[in-house]
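Asks: Sequence and computational prediction follow.
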Amino acid sequence: MPAGSTCRNCGLHPVSREFGRSDQLCVECVRVLPRLECTACRQGFRQVKSTPTPPPGTPTLCRECTYLAGLHGPPHPCVTCTCVAAFGVNSECARCIAAREKYGLPRQCERCGNGAAFDRGDEARAKLGGSFMCFLCIQHVKRETRRQGGDENGGSRASRGRDRDADKRRRSSSQSSSKGNSSSSSSAQPAAKKSRSGHDDASEVRALVLKVKKREAELARQTEEMDSEIAEMVKRKDDLVASMTAEIGALDLDRSRFLEQIQKRTVELDGLRAQVEALEAQIPERERERDEAREEAHEVELRVSAHAKTTPKGAVARSAYDESLLPPDFDLEAAVAAMGKARAGGRLPNAAGSRMSRKALRANRIVPYLVSTPTKGGAHGRRVRSGGFGTGSAGPMDPLLQAQVEEDEERERVEERDAAIAANLLPYALSKREKELFASYGRMEDKWVAAGGESSEYPEELRVFFSVRNHILRLWHTNMKRRLTLAEAERDIADEFLGVLRHVFAYLRRDSLINFGLFDGGYIAGVHKRGGVDPSQEALQGLVAEQQVEEEDEWRVANRERRKADSSFDADVVVVGGGFAGLTAARQLYGSMGHSVIVLEARDRTGGRTLTDRSIVSEFDPDNDLDDNFGVDLGASIITGTRGNPVSLLVKQLGLKMHILERTQDVPLLDDADASFVDKATDEETHMLFNSALEATAKLKENPSSEGMGLGPAMTSLVLQDDKWKALTDGSTSLRGETVGARSLLWHWANLEYAAATDLERISLRHWDQDDEWDLGSEHALIPKGYNAITDAMAVGLDVRLGHEVVRVDTTTPDEGVVVVAKTADGEERRLKARCCIVTLPLGVLKESPPDFVPSLPTAKTRAIERMGFGLINKVVVLFPTQFWPADDDCFGRIVDTSESPTRRGTMYIHWNLARCANAPILVSISSGVSAEVQETRTDEDLVEELLDHLRLHFGMDAVPDPLATRVTRWKSERYSRGTYSYLGKDATPADIEALREPCSEDRLHFAGEATSREYPATTTGAVFSGMRAAASVDALLKRIP
C-alpha cells in the first residue's frame, strides 16, 4: 500500500475515497469518530484518537489551522469573509487569498450578504440554483441537501444503515429455514426458543423507533439553530446596507465639494495662464536686448585681450597696451560698462517683472547673483571682499584691469555656485536650517518673494550673507583634504563683514558643511586607539603624510582644561554603534569640534550594515592583484546620487574610484516561463502601466480614509481595472503571471519592493514616497573597493571599542551625565560615563532587542518605533571562471515564473554585473519582498542551484560553468541588524521619523541613523546626514555647558 494512503487514526485500513479523503480516514473511523467544526476556518473535521475531545465551549482547530497557529500565533478575523482564520501579517485567510488569486475580486453573497462570494463558474453556480454564495453558505446548503433529499450515492447514511440491518435479518432468516428442511431435529425445537426470537425482533423495532425519534429531535434543534443564524445574517445584512448607504451619501457630499474646488481652481488657472501669455510676449524683446549686449561685450573682450599683459602677480599694468592700436572712435570705458551689463543681464531674475512663487524660484534656481545685480552702489553692488577698484584708489581703475577683475570675479562666482550645490544648498536661497539659525534673513527673503522677486529690491543683507557663505564653501571645496581655518576664510574680506563671516563660518563648521570627513586634521598622528584602523594603510598614506596641527581656539583650550579638572567622565560623548551614522558623528565631534568621544560597537568590525567581502576574488585572482582594489558589498552598495552627497565627498577625499551606473530604463529581462528575453515593446507597455498605476495612487492619497492603507492593495485594484492590463493578460482578473505581460509587470512590482525593502502591502499608501522632494537628482554609483574602504578610514584615530554590546543607557545620574553599560564578548560588563550619548542602533534592533533605557523612552518615540517598519533584502553573490552574460549592461533582470504564487516575483529578480567595475566575472543577485524573507530559510546550496538553473536555461548548459565561490546573505538573522533598512508602515507618518530622531532626557540622549532621516531614509546618505545633525546638536549643547 503506498505511503500516505492508510488511515491516520487506526493505520490499518485504506483511506475512504468517498467520505474520508479530506481527513485521511477509513470508512470505519469516519463512522465512529465525532465530527467537529473548526472555530477558525469553520470547516468540519474528524477528531482522531490521538487528540482528546475538548470540553464544550473551548476553541477547536483543524489540522491546517493548528499548524498555522503554531507558526504565526493566534488567528485574527479575515477582512473578506470575517472568519477568524487570518494568520501572521496577512489581512485575509488562506481560503480567501487562494480564491482571490484563482477567481478574481469577490462580490456580495446573495444568501447572507457577506462580501466573500467568488465567481466559481457557471457549472458551480448552477448547482446552487444560479446564486452567488460565499464558502460558508455553500457548505451549509450542501449539508442541508444531504439531510433532506439524500446524496447522489443512494440516500442518507441513516437510510443506508437501515437497509444493511434489513439485509442482515433476511440472510439470518433464510439460513434458519434451510437448516430446518435439511434436519428433522429442527422441527422439534422448544416453543420457548421461538418466543425468544420474536421478543428480539420487537426489541430491535423499538430501538429503531427510538433512534428515529432522537434523529428527529436533533434535526429540529439544528433547524432552530439555522433559523437563528439566518435571522442574524439578515440583521447583519440590513446593518451593512444602512452603513454603506450612509457612506455613499458622505462620498457624494465630498464629491460635490471637490467639484466646487476644481471649478474655483480652474478659474484661477485661467487667470495665471493669461499672465504667463503676457510675460511670454515680452520674452523675445528681452532676449534680443541680451544677445545684442553679449555680442558687443564679446567684441570688446577680443579687442582688449589682444593688448592685455599681466605682471608676475597677475595684475594688469596700465602701460601694457598701446592705445594707438585701437580705432580712433573706440570708447573703451563705455565698452567695458557694456560688457558688465551683458554679464549682469544674463542672470537677472524676473527680467520681465513677473511675480513668481517661492517654489518656482527654488525649482529654477532663479535668484540674484550678488555682484551682478544693479544696485545704488553701481553695476556690481556693494563689495564684500577688500581691495579692487573703487576701494581706496585715488582715481578710476584702469579699464583693462577692471575687465580682468570682472573676469576673475565671474570665475569665482561659478566656483561658489558649484560649491554651494555640492554642499546640497541652493546658491542664492536660504535652506530650512539657515532660516532657523538666521531668522531675520528668512523674513527678508520671504518678504522679497512675496513682493514678486524684483531684483532691484533685493535686500543688501542677503547679498552679503550669500556672498560670505558661498565664499567659504568655495575655499573648502577648492581643497577638501586639508582643514579650512577661520584666518584663511577672513583673508581678503572687508573688515565691516568679518562679524557676518565668523557667524556663517561657525554655522558651516558645526553643520559639517566644511571641515567634514577625512581631511588632514581628521587624523591624529601616532594615535592607535582600540578598534582603530592602522593609519599606515596605503589608501591613507597620502592624507596622513600631509597632516597639520589643528588651530587652537579659546573654546578648545577651555574644554581641554575642563576635562583635566573633571575626571569623573570617561568622555564627552559615547556613540553607540560603529556604522556610517556613528562614525560620522564621532569623526565630526572629535576631529572637527574638539570633543572626546568613545565609540561602542557590538560586532568585531566597523561598518554596521555595510559589509565588504574582499576574500571572494582570491579564487579568481590567486596573486591578489585585485584584492586590494576590489570588494563585493554584501550590505549597502550604491551611492544614491553623487551630487550634493557627503558620501561622494568622502570618496573624493580618499581618492577612491567610483563606477557611475548608466541611467537607463532598458534593463534586459529574462523570462523563465518561456526561456527568452522579453521584447522591448512589451516591457515598455508594462512599465507604462505600472507607472500610471503609481501616479493614480497619488489621487487616492487625497482621501482622508487613505490613512492606514497599504500601497499594495491600492496598486492591485488600479492595475486590474486598467484596460492595458486586460489587453496584456487577455482579461485576467488576478495578478498571477499567466502571460508574459503579467510577469513583466510583476518584475516592476518586485523592483519597487527592492526600493521599499518590503512587500508593498506593508508600506503606507499615503507616505511611502514622502522623501521624493529631496531626491539628489544625479547619477548613482558603485565603489569598486567597497563601502568599508570608507568606514575603515573613518575609524582611524578614534577610540572605537569593538565587541562591546550596549545593554543599558541610564540618564538618571545626579550630575546630569549619561551612564552606558556594555557587555564584552567574554561576558564582562564595562561602565562608561559621558556628558551625552548618541544612539545609532538600527531600527530593527530597537524594535526587537533594544538596550534598557532608564528612564523609559518617551511614548512618542516608542510608538514611532512600533509603527515604522524595518525591511529586508538579501543577496546571492557568485564568482564564475569566465563571463558569459552581456558585458555592456550594469544589470539584467529575471522574470520569475509566478503562475503558482505571485509572491515569488522577487526571487533573485535582478543581477548586478560587477565585471564592469571589478575586472572579475561576478554576479550579485538580489531578492526583494517576501522572497527576501524566504531566502532566510533556504540553504546556500538550494539558492545557488536555482540561480544556476535560471542562467543555464537562458545561456545554455555548456556556457554556464560551475562557480568558483559563492556568498549568501541573511540580514534578518544577523543579531545586530535584524534587517536592512527602514520604511514607513501602513500606520506610520513622517511625524514618526521626527519623533524618532528627537533628543530626550534633557537633550543628553540623541538618536541618529538612516531611520531618523526624513529626507534620505534607507540610504548611507541619510545615515551620514543624521550623524552630522546629531554631532551639531551635541556640539551646541556641550558648548553651553560650563
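Replies: Thanks, I have the structure now. Only a predicted model underlies this, so the values are computations on that prediction, with no experimental measurement involved. Numbers count the residues shown, from 1 in each chain.

Asks: Find the residue ranges of the stretch 251-400 of the chain scoring beneath the pLDDT cut-off.
Replies: Within the stretch 251-400 of the chain, the segments meeting pLDDT under 70 span 290-400.

Asks: looking at this, Cys837 is in a strand?
Replies: Yes - counting by DSSP: H, G, I helix; E, B strand; the rest coil, Cys837 is found in a strand.

Asks: Mind jotting down where the helices sit in the stretch 501-650 of the chain?
Replies: 538-545, 554-565, 580-587, 646-654 (DSSP state H, counting those that start in this stretch).

Asks: contact partners of the last one?
Replies: If I follow you right, that is helix 646-654. Residues outside helix 646-654 that contact it (Cβ atoms under 8 Å, 6 or more residues apart in numbering) are 422, 480-481, 512, 516-519, 539-540, 543, 584, 639, 642, 658, 781, 783, 789-790, 793-794, 1020-1021, 1024-1025, 1028. The way it works is simple: take the backbone N, C-alpha and C, and place the C-beta from them, glycine included.

Asks: which ones among these are found in strands?
Replies: Of those, the ones assigned to strands by DSSP state E are 639, 781.

Asks: Report the contact partners of the nearest residue to Asp511 once chain neighbours are set aside.
Replies: Sequence neighbours aside, Ala1032 is the residue nearest to Asp511 in space, at 5.2 Å (criterion: Cβ to Cβ, 6 or more residues apart in numbering). Ala1032 is in contact with 510-512, 588, counting by Cβ under 8 Å, 6+ apart.

Asks: now, which of those residues sits nearest Phe853?
Replies: Gln588 (24.4 Å; Cβ to Cβ).

Asks: Number of residues surrounding Ala693?
Replies: Ala693: 23 surrounding residues under other Cβ atoms under 10 Å.

Asks: Ramachandran angles for it?
Replies: phi -70, psi -40 (degrees, to the nearest 10).

Asks: Hmm, it is touching Ser717, no?
Replies: No - Ala693 is beyond contact range of Ser717, at 9.1 Å (criterion: Cβ atoms under 8 Å).

Asks: So, low pLDDT: which residues of the stretch 401-550 of the chain?
Replies: Counting by pLDDT under 70, the stretch 401-550 of the chain shows low-confidence ranges at 401-402, 404, 453-457, 520-550.

Asks: got the contact list for Ala281?
Replies: Per Cβ under 8 Å, 6+ apart, neighbours of Ala281: none.

Asks: and Phe677, what pLDDT?
Replies: Looking at Phe677, its pLDDT stands at 89.

Asks: Return the member of the contacts of Ala1032 nearest to Arg830.
Replies: So of the contacts of Ala1032, ranked by how close each gets to Arg830 (Cβ to Cβ), first place is Gln588, at 24.6 Å.

Asks: Which helix runs longest in this protein?
Replies: helix 191-305 (DSSP state H).

Asks: from the middle of its chain, how far away would that helix be?
Replies: 26 Å (Cα atoms, centre = their mean, to the nearest Å).

Asks: list the contacts for Val807?
Replies: 821-823, 829, 851-852.

Asks: are any of the residues you listed buried, and which?
Replies: 821-823, 851 (16 or more other Cβ atoms under 10 Å).

Asks: can you redo these as CSV with secondary structure?
Replies: CSV is the format used below for these (three-state DSSP):
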residue, secondary structure
Val821, strand
Ala822, strand
Lys823, strand
Pro851, coil
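
Asks: Show me the two of the residues you listed that sit farthest apart.
Replies: The widest separation within the buried ones among the contacts of Val807 (Cβ to Cβ) is 10.0 Å, between Lys823 and Pro851.

Asks: Now do the most centrally placed residue in the chain against Leu12, distance only.
Replies: The residue lying closest to the centre of the chain (Cα atoms, centre = their mean) is Ala756, at 3.0 Å. In this view, Ala756 and Leu12 are 54 Å apart by Cβ to Cβ, to the nearest Å.

Asks: correct me, but Leu128 touches Val141?
Replies: Yes - at 6.3 Å, Leu128 counts as touching Val141 under the criterion of Cβ under 8 Å.

Asks: Measure how buried Asp958 is and give me the count.
Replies: By other Cβ under 10 Å, neighbour count at Asp958 equals 8.

Asks: Before I go, just wanted to say thanks for your time.
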